[in-house]
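Chemist: Sequence isn't available, so here's the structure alone:
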């Protein structure tokens, strides 16, 4: 049952060294504030899982939190590469990063199967691709009705899923709205689910078929306004595309990266942290 | 691309004798008016598919439209048996009815797999049940990762799916709202999709994550106010539970059934038909 | 099944409640607050909502129509009445319901009725007789086959009679403990780890039964006030045994009875008004 | 990839449009009205929206972020900018997008970019070098592996250079026609019936290529005005062949150029204002 906790307390209680952690968000609602808290708490040896590792995972990888990445597209959307991730993969800095690489379709099916309580996802996929040659988790089954050979992948079952959402009601039920990505699936597939929200409200006041996660599917909720910045929260603030563009130069250089992280993530007092990205 | 047609024209053009037809609706939004039009047009040898065949399928079976039923629960919800269906199964009247029987979980997975373009659905199901002994479409696969034996069923791919929905916009995009059942899956799994709606509107004017079927997933739309009666349309009219209760007595008797169908479905002129179930 | 069963004979009339009320209140009490319950229509729905209206305001009721955490004011006639959606926290598609919510392992209690139960708590809602040549074709399993295996435990509720309590069901729609009581114990480990304990309580209008440790044969563990052992024996299709420590089921409390009667009165008024609508329209 | 490429040399400057504009307008023209198009970010997104704003107002644009039938006013920087959701008919979950909409067989044209393409139209967006010891680690396949096989046909768009047009890609992220051009022809029938025709057009800033019937080797079928064959040869990493009937690509029309420039201007203004926001906040 969802408990309202400070972000510091939620991360401290639920994210352990060595855990498989999925901070999900498909461009929208990326839980940056939670990821920064993991960095500040110095978590190590994490297996990071995510369809679209972007700047947040670049930061976590660059700060040495991760030993492995399970993913399907790792880049700065619309800008280019993740230079910290490349540095880890190409040169082992600050430490080597093992990759387990899928396609989006496979990752989406794998979360979906995880939410559905199945050990595997079955899909028509990877036809003619070299990915099955480098990922031992891509296998095949034969359809007993048609004989068609279909790809099989283990379902995604992270130890901890972390998402950001628009709002939670007093009881801890959470509304996700707009580009909902795989957030519902990640929460339902995980052993532990943590949510940061823009605000806590009396009533979610939404459509009967909106994407709502009941309080009893969630372990902890932290109210973190602008917790998705520089990603965005539909109905609250827009994506800071300028920041995404500026990240390229910051991340290309090890020292510039370290300085930025120190200044914006590690050192600020919590009062200041919450204003990163505030427009005024 | 959706074309607005009269119901008579839509059924006449797209529903052929011998077709596999799914008129879906999970208690809510059952396309009664469309089923009645199929009865009036005298379709025969249909394979009727539906999770919850209720009074509408009792009527279609009792009128001799169907040779086979693919289903998971066939009853009058909250009331009891479907007497026309029982008469067909137990005594072959008016003609024998072949049954292919699943559980709800299997039917839901099978529609879902149909919408997902897969030949089969994989689920954890039928454990310890006798259903696999009487349904040759229930087979098994072994998970290549865990060795778990899981049930496999062919995906549902009806020739024609028919649903009722709240509204269509001018372009033919359709909103389904409330208890959405398997309607989206049925439409996406089918070769041809027909929709009846309460009304045609300028704008659907709904939530970003509402259940909307784009016009290009639909073949024909017919505007049929109260087209789901005695089922209901969330936001338009309530379920006529009284009618469901009264059906039991009508359907128990072959002659009473025939008389009711003649009076309420076969003989009324179209102007009257559309007022069946109108409260005033 | 009918919602209203009159008190059956003079002996019972001395009590201030009917056997059906006894059954419903007992079943309601079995549901803990905060429990997630996958609710079958009819008797289970009545009991589950009574629990919610009395001691378990935070019981989470989930119906297979996709309605999650619903709080109906009146009892639904069907599994998908509008009331269920209007009072739900959210409503998901039926595939999602069966995939993410039931198979996903999120249900504490599956609450089922059935046409028949046998001594190993297997349920039949498919047919009487032979599958290809049935004497009575019943509606079928619906959600029950997977509710019975995916929920952490299963409560069963049905009226006690020789017709409903049979030695061996003609057809196992929903697994209790199998033909010999050992089916769950013999599942391969990869499957067993995803399968619940099975039926832990069978609640009837006469008594409460539970599977005996080891054999998994249903035995009477609690007898409702005013019911004799012979009456239970006469209403059971096999030689029913009684637990070494049979209790007397606590009688319904006034608050529960009041809440149940008010719920049923609201429900009847609601359905009658719907009936009136139909009568008007049928006259046209 | 950068959105704005200056005209590259004096010879091109004589034309009233850039090579990138030529490429974008040509790609846009390839999309028919009413087509369902699964849109990759960057160049494909620019071309697909230009088509929508000109000759194909009813082209259905679908982005893998779940946005169905979207009509952005400005080009998204990312595949999931808010603009895509706000102007969409509906937004579905990402699993639903890949399962029901892509794998479900509802896409006419998959519109892809890539880091590299080879002579059999295989795409590499994974890495340069050896998988376990890469020289350059690229972002990865994302949606492309299945877009490439599930769409009825695939359009590819990328800038022409020896770095991007290689004889054999180091890694086949997304199937074109395989290592020998025959991979689609050799699929088992159960698979083949669900797999599209593959790449039918590769549109670059210099020309349009298409697979040759039979061999499926990419050959030049149309050359943009002002481009020499030698220039194409010099920019291609294998001995590129020219179709027997090479056409001259029609030059961009004024309406398309105007619409494209207005779209890019709106987009830049929009992104600049976002940048200004960041600058303000970064100063705090």
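Modeler: Looks like it came in fine. Please read these numbers as outputs of a predicted model, since none were measured by experiment.

Chemist: From here on, just use CA atoms for contacts and neighbour counts.
Modeler: Will do.

Chemist: wait, isn't residue A:146 in contact with residue D:189?
Modeler: No: Residue A:146 lies out of contact with residue D:189 (C-alpha atoms under 8 Å); the separation is 10.3 Å.

Chemist: what ranges do the strands span in the stretch 151-284 of chain C?
Modeler: With DSSP state E, counting those that start in this stretch as the criterion, the stretch 151-284 of chain C has strands at C:153-157, C:199-203, C:207-211, C:218-223, C:241-248.

Chemist: For chain B, which of the ones you listed is the nearest?
Modeler: Ranking those by proximity to chain B (C-alpha to the nearest C-alpha) places strand C:199-203 first, at 13.4 Å.

Chemist: Need the pLDDT of residue 202.
Modeler: This is for chain A. Looking at residue A:202, its pLDDT reads 98.

Chemist: The intended chain is chain C.
Modeler: Value for residue C:202, per-residue pLDDT: 98.

Chemist: Pull the contacting residues for it.
Modeler: Applying C-alpha atoms under 8 Å, 6 or more residues apart in numbering or on different chains to residue C:202 gives the contacts C:155-158, C:208-210.

Chemist: can you put those residues in a markdown table and add pLDDT, distance to chain B and neighbour count?
Modeler: What follows is these, written out as a markdown table (pLDDT from 0 to 100; distance: C-alpha to the nearest C-alpha, whole Å; neighbours: other C-alpha atoms under 10 Å in any protein chain shown):
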| residue | pLDDT | distance to chain B | neighbour count |
| --- | --- | --- | --- |
| C:155 | 98 | 17 | 24 |
| C:156 | 98 | 17 | 26 |
| C:157 | 97 | 15 | 25 |
| C:158 | 95 | 15 | 23 |
| C:208 | 98 | 24 | 25 |
| C:209 | 98 | 21 | 26 |
| C:210 | 98 | 19 | 23 |
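
Chemist: Test of understanding: give the bridge partners of residue C:137.
Modeler: residue C:127 (DSSP bridges).

Chemist: List just the nearest of the contacts of residue C:202 to residue D:144.
Modeler: Minimum distance to residue D:144 across the contacts of residue C:202 is 48.1 Å, recorded for residue C:155 (C-alpha to C-alpha).

Chemist: Tell me what that closest one is bridged to.
Modeler: residue C:111, residue C:201.

Chemist: Now do it against residue C:166, distance only.
Modeler: 18 Å (C-alpha to C-alpha, to the nearest Å).

Chemist: Check residue A:79 too.
Modeler: Counting by C-alpha to C-alpha, the gap from residue A:79 to residue C:166 is 70 Å.

Chemist: ditto for residue A:23
Modeler: Distance, residue A:23 to residue C:166, by C-alpha to C-alpha: 53 Å.

Chemist: Show me what secondary structure element comes after the helix or strand where residue C:48 lies.
Modeler: Using DSSP states H and E, residue C:48 maps to helix C:43-53. Toward the C-terminus, helix C:43-53 is succeeded by strand C:60-62 as the next helix or strand (DSSP H and E).

Chemist: tell me which strands and helices that next one is in contact with?
Modeler: Contact here means 3 or more C-alpha pairs under 8 Å, 6 or more residues apart in numbering or on different chains; DSSP states H and E; on that basis strand C:60-62 packs against strand C:36-39, strand C:67-70.

Chemist: Can you redo those as TSV, where the extra columns are distance to residue A:114, mean pLDDT and mean neighbour count?
Modeler: Output for the helices and strands packed on strand C:60-62, formatted as TSV (distance: least, C-alpha to C-alpha, whole Å; pLDDT from 0 to 100; neighbours: other C-alpha atoms under 10 Å in any protein chain shown):
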stretch	distance to residue A:114	mean pLDDT	mean neighbour count
strand C:36-39	20	98	26
strand C:67-70	20	98	26
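
Chemist: who wins for proximity to chain D among those?
Modeler: strand C:67-70 (18.9 Å).

Chemist: does any bit of the closest one sit next to chain B?
Modeler: Yes: counting by C-alpha under 8 Å from any C-alpha of the partner chain, contacts between strand C:67-70 and chain B involve residue C:67.

Chemist: Contacts for that strand next, please.
Modeler: B:179, C:60-62, C:84-85, C:87-92.

Chemist: and of these, the nearest to chain D?
Modeler: Using C-alpha to the nearest C-alpha, the contacts of strand C:67-70 come closest to chain D at residue C:92, 12.9 Å.

Chemist: wait, the closest one sits on residue B:180?
Modeler: Yes: using C-alpha under 8 Å, residue C:92 makes contact with residue B:180 at a distance of 7.2 Å.
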